[in-house]
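Colleague: Take a look and give me a structure for this.
(chains A, B and C)
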Amino acid sequence: MKRTKIAFAMTAVATVLSVSACGSGSSDPLAAGSTPAAKADAGTIVVGSANFPENALLAEIYAGALSAKGVKVDKKLNIGSRETYIPALKDGSIDLIPEYTGVLAQFFNPKVSATDAAGVYAELKAAVPSTLTVLDKSAAEDKDAVVVTKETAAKLKVKSIADLGPQAKNLTLGGPPEWKTRPTGVPGLKKVYNLDFKTFRPLDAGGPLSVQALKNGQVDAVNLFTTDPSVAANGFVILDDPKSLFAAQNVVPLITKTKVNPTISATLNSISAKLDTETLGQLVKQVVVDKKDASAVAEEFLAKNNLN
Amino acid sequence: MTWLPDHLGEVLSLTVRHTYLAGVPLILGLLIALPLGWLARRYRGLYPILIIGTGLLYTIPSLALFIMLPLLLGTKILDPANVVIAMTIYTIALLVRTVADGLGSVPDAVNQSATAMGYRRGRRFLSVELPLAVPVISAGLRVAAVSNVSIVSVATLIGVQQLGSLFTDGFNRAFMEPIIVGVVACVLLALVFDGVILGATRLATPWQRAGKAPS
Amino acid sequence: MINRILAWLTDGAHWQGDDGITRRLVEHVGYSLTAVLIAALIAVPLGLYIGHTGRGRVFVVNIAGAARSVPSLGLLFLAILWLGPKLSGDIAFLVPAGLVLVVLAIPPILSGAYAGVEGVDPDARDAARGMGMRGTQVLRNVEFPCALPLIMSGIRSATLQVIATATIAAVVGLGGLGRFLIDGLAVRDTPQTASGAVLVAVLAMIVDLILALAQRYLVSRGLTGRYVTVPTFDAGDVSPPAPTLQHSA
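Modeller: Predicted coordinates for the structure are as follows:
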């Protein structure tokens, strides 16, 4: 026992030593280059994004428009899930991120109840923590959806999530890992539709794992996004959501309050004004299917709408 | 392969970040492992403790370390310093043993001669034991370098940009080219690190070239 | 923090069920053992052959060196995108993840095996030949037993690396202890992440201890008797791969 204790003590010493050494190491000029200087320059806006292509694309659009207006921009894309990037927003690692009204409102206040676009937006504004704020919402919507293959839909005779009913107990549901505990994920499906799936399989946020897992039968139903071009490409069926488990999901910029100024809010609001669901879907397709760079697609969009 | 020519600039800047995140910890780790390795040699009772203790560090999965460091240190979640510190810990884990064994590989007769010539402990360490241990330490450093270059790419999962970002970006779009470019760039970067360490070792051990054919 | 980890680990509910610790532990051990076993079946014979004949040494050493520097995460994503659509059912993700772990495990075992055979005392080899043994007999009765300590340490370091790296299987929706890291990260549940890390580290230690004991019994007494004065051959030794072994590249 003593030996392990000493071993742990030595480990701790080694760790502390390394930590203190790194403290001085990160003041190296190169480090300053890779650590966007949040403290050094209050004028720089750090744009973040969640870890799926559409969100990274929206972040590129925000970043491109802002830098066209002379705002200093730094990008930190593909950070992770909401549970990760909201803390990053709060600790100042990032200042701005594209968000979705319904899920965001639910994240800050699990008790929200509105499902229509305006109601959700009003509840969101009330729920956002005091250091953050949302600007205008856009008409573009990208909802979470429960998706099945055409064959499954025919075999189970389902058109909506509600139709799954008692059959759910024979089905495997797939989705991003955070779905296991999120109010819109497994707990929401249970609460709103009284669905008990056989198992939940953690995959990715509407990415290739989810698509492949649905295609080759590792899961029977999966969480994808309504703008996802692979839904149409694979003939997947998006199940209706009659009880509006997934509230309105309008794209909206979430930003640190102290970073907002008239230029920034005017620029981001004009982007929101130009975005609708169809446009967003086409933009995402260019990135995901045509493999164009998100930054190039963003630039094209901005040029077309005189936002650059 | 049309992706790479269009994205050379991006790949280059990611490579620079990757080099920094993998390289700085090598230097920091070596600087910390040297005194620890020396301690392990000097006080025999410490040897197993230090070796096992640092060995344990190596079994911590990198992803877990990346996630937990901000909480332990109070750093920002996306701060690259978290990655630098994590990689330094792995480098120490690999190098303490190497340094101790390297110092141990210096023949006793040499140490005794140095003492007889009037070298005190500190000077003997710096000008006799350490230089003679360089080949062994360098071998350990090469292993650490290759391992660092590979592990750093995992940091993409916590949102820190480097060559691993190409993996997530490509994977999210089911697009193989960026991933292949990222993997190849990592392998090449590891080769460069290896070459630099080999070159530095040659410079630091001129006596090795005297009698041997080049390897 | 430590209290929260302990609380998480000692909560009985976290040990049971489809996503409980017990199940994840079994999955993790399953992935790791399978990968090391397959890697050993490939790398040990290959290493013995190279060490015995000296043929293809440069080639294999360079390939193994390069394989070491291939980032596992990138290789995993490539394997999923490439193999995933060609397979169906659960193996669509299992095979790519297994492949990555095998690639990771081969280099240390390979270099252990050929370095072990190469390091065999030439006098012992000559003596065996002098007794009339043929090439394969020399390999089986002299070189292999003499190389066993290095083969075993190659396997041990491969096992440690595989156990730590098998956590990335969870990135692509598989099980194993990595699930706690990924799920914990996704919902910012730090005690869960930290507990996952602790479990992986403890598992690595225990497995290494078992392999160290196995090594004691497997290696011929004639050899251990000779090596017993070397302090690094200690059963409690869970240190990372001995770099001197790996730099023979």
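Colleague: Which residue, other than its chain neighbours, is closest to residue 107?
Modeller: If you meant another chain, say so; for now it's chain A. Leaving out its chain neighbours, the residue that sits closest to residue A:107 by C-beta to C-beta, 6 or more residues apart in numbering or on different chains is residue A:82, at 5.7 Å. Using the backbone N, CA and C atoms, a C-beta is placed for each residue, glycine as well.
Colleague: ah, I was thinking of chain C
Modeller: Nearest one to residue C:107, counting by C-beta to C-beta, 6+ apart, is residue C:64 at 4.1 Å.
Colleague: ok, then the element right after the helix or strand harbouring that neighbour?
Modeller: If you go by DSSP states H and E, residue C:64 is part of helix C:57-69. Using DSSP H and E, the helix or strand that follows helix C:57-69 towards the C-terminus is helix C:72-83.
Colleague: Summarise which helices and strands that next one is packed against.
Modeller: Where contact means 3 or more C-beta pairs under 8 Å, 6 or more residues apart in numbering or on different chains; DSSP states H and E, helix C:72-83 is packed against helix A:208-215, helix B:164-172, helix B:176-204, helix C:91-118.
Colleague: Please name whichever of those helices is nearest to residue B:93.
Modeller: Of all those, it is helix C:91-118 that lies closest to residue B:93, at 15.8 Å by C-beta to C-beta.
Colleague: buried residues in that closest one?
Modeller: Neighbour-count burial for helix C:91-118, counted by 16 or more other C-beta atoms under 10 Å in any protein chain shown, picks out C:92-118.
Colleague: Residue A:225 is in contact with residue A:175, correct?
Modeller: No: the pair residue A:175 / residue A:225 is not scored as a contact, 11.2 Å apart, by C-beta atoms under 8 Å.
Colleague: and the closest residue to residue B:162 other than its chain neighbours, what pLDDT?
Modeller: Leaving aside its sequence neighbours, residue B:162 sits nearest to residue B:18 (C-beta to C-beta, 6+ apart; 4.0 Å). If you check residue B:18, the pLDDT there is 96.
Colleague: show me the contacts for residue B:18.
Modeller: Residue B:18 sits next to B:149, B:152, B:153, B:162, B:163, B:164, B:185, B:186, B:189 when contact means C-beta atoms under 8 Å, 6 or more residues apart in numbering or on different chains.
Colleague: Please tabulate the residues you listed in JSON lines and include neighbour count and pLDDT as additional columns.
Modeller: Below are the contacts of residue B:18 laid out as JSON lines (neighbours: other C-beta atoms under 10 Å in any protein chain shown; pLDDT from 0 to 100):
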{"residue": "B:149", "neighbour count": "32", "pLDDT": "94"}
{"residue": "B:152", "neighbour count": "31", "pLDDT": "95"}
{"residue": "B:153", "neighbour count": "27", "pLDDT": "94"}
{"residue": "B:162", "neighbour count": "27", "pLDDT": "94"}
{"residue": "B:163", "neighbour count": "29", "pLDDT": "95"}
{"residue": "B:164", "neighbour count": "29", "pLDDT": "94"}
{"residue": "B:185", "neighbour count": "22", "pLDDT": "96"}
{"residue": "B:186", "neighbour count": "29", "pLDDT": "95"}
{"residue": "B:189", "neighbour count": "24", "pLDDT": "95"}
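Colleague: Out of these, flag the one nearest to residue C:142.
Modeller: residue B:149 (38.8 Å).
Colleague: tell me which element that closest one falls in.
Modeller: helix B:130-152.
Colleague: picking up where we left off before, for residue A:175 and residue A:225, indicate the residue with more neighbours.
Modeller: More crowded of residue A:175 and residue A:225, by other C-beta atoms under 10 Å in any protein chain shown: residue A:175, with 29 against 25.
Colleague: Now that one, what are its backbone angles?
Modeller: phi 180, psi 180 (degrees, to the nearest 10).
Colleague: quick one: is the longest helix that chain C contains near chain B?
Modeller: The longest helix of chain C (DSSP state H) is helix C:21-53. No: Helix C:21-53 does not reach chain B (C-beta under 8 Å from any C-beta of the partner chain); its nearest approach is 10.9 Å.
Colleague: So which elements touch that helix?
Modeller: Secondary-structure packing of helix C:21-53 (3+ C-beta pairs under 8 Å, 6+ apart): helix C:57-69, helix C:91-118, helix C:144-165, helix C:178-186, helix C:190-218.
Colleague: Dump those to TSV, plus mean pLDDT.
Modeller: Rendered in TSV, the data for the helices and strands packed on helix C:21-53 read as follows (pLDDT from 0 to 100):
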stretch	mean pLDDT
helix C:57-69	81
helix C:91-118	91
helix C:144-165	90
helix C:178-186	90
helix C:190-218	90
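Colleague: Highest mean neighbour count out of those?
Modeller: A comparison of the helices and strands packed on helix C:21-53 by mean neighbour count, using mean count of other C-beta atoms under 10 Å in any protein chain shown, puts helix C:178-186 on top with a mean of 26.
Colleague: How about the helix or strand where residue A:58 lies and chain C, touching?
Modeller: Secondary structure assignment for residue A:58, by DSSP H and E: helix A:53-68. No: against chain C, helix A:53-68 shows no contacts by C-beta under 8 Å from any C-beta, the least distance being 14.5 Å.
Colleague: Contacts for that helix next, please.
Modeller: Residues contacting helix A:53-68 (C-beta under 8 Å, 6+ apart): A:45, A:47-50, A:73, A:75, A:77-78, A:96-98, A:142, A:225, A:227, A:251, A:253, A:264, A:267-268, A:270-271, A:280, A:283-284, A:287-288, A:294-295, A:297-299, A:301-302, A:307-308, B:169, B:172-173.
Colleague: give me that answer again for 7 Å
Modeller: A:45, A:47-49, A:73, A:75, A:77-78, A:96-98, A:142, A:225, A:227, A:251, A:253, A:264, A:267-268, A:271, A:283-284, A:287-288, A:294-295, A:297-299, A:301-302, A:307-308, B:172-173 (C-beta atoms under 7 Å, 6 or more residues apart in numbering or on different chains).
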